[in-house]
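A.B. asks: any chance you can model this:
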Amino acid sequence: MDYKKVFCRFEVQNGFMKTVAKPAIDGAQKAVLNRKGNVLYNSGNIEGAKRIFLTTGYTDGLVRIGDYYISQGRDIDALRMYWIAPDHTKSEPIIERLSTIIQTLLHEEEDQPNE
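C.D. replies: The predicted structure follows:
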């Protein structure tokens with residue numbers, strides 16, 4: 001089976017890459033930023049809040065961003081937030097659904113005659 005052919009149709013979608021380098025932020029700065037992120041989130045500026053929560057590593061905020069994405073039908077974006085948080089309770093069901101989809105795609109590809 002040509003796995004590259006199966007997955008090439010998804011190349012135009014944005015992937016994600018986890019990095020480990022975080023800026024040095026002391027506890028006081030982190031608290032101020034997290035409060036600002038909460039204000040942004042509560043006012044509807046989800047992307048602004050996300051940037052802050054990613055910078056500070058505020059897991060509760062990342063999970064709330066993930067929950068928001070789920071409510072918007074953005075499962076992959078939610079998975080990113082849950083994975084970074086990390087919240088395995090919320091990420092594992094998404095991973096299971098995605099693996100089922102991938103398995104289905106692979107089986108469909110196997111069932112099609114070679115061109």
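
A.B. asks: tell me how many other residues crowd residue 30.
C.D. replies: The local packing of residue 30 (other CB atoms under 10 Å) involves 15 other residues. Where C-beta positions appear, they are placed from N, C-alpha and C, glycine not excepted.

A.B. asks: how near is the closest residue to it other than its chain neighbours to residue 62?
C.D. replies: Once flanking residues are discounted, residue 30 sits nearest to residue 56: 4.9 Å by CB to CB, 6 or more residues apart in numbering. Using CB to CB, to the nearest Å, one obtains 10 Å as the distance from residue 56 to residue 62.

A.B. asks: report the secondary structure state of residue 48.
C.D. replies: Look at residue 48: counting by DSSP: H, G, I helix; E, B strand; the rest coil, its state is helix.

A.B. asks: list the contacts of the closest residue to residue 25 other than its chain neighbours.
C.D. replies: Nearest-residue entry for residue 25: residue 56, 6.3 Å, with adjacent residues in sequence omitted and distances by CB to CB, 6+ apart. Under the criterion of CB atoms under 8 Å, 6 or more residues apart in numbering, the neighbours of residue 56 are 25, 30, 33-34, 37.
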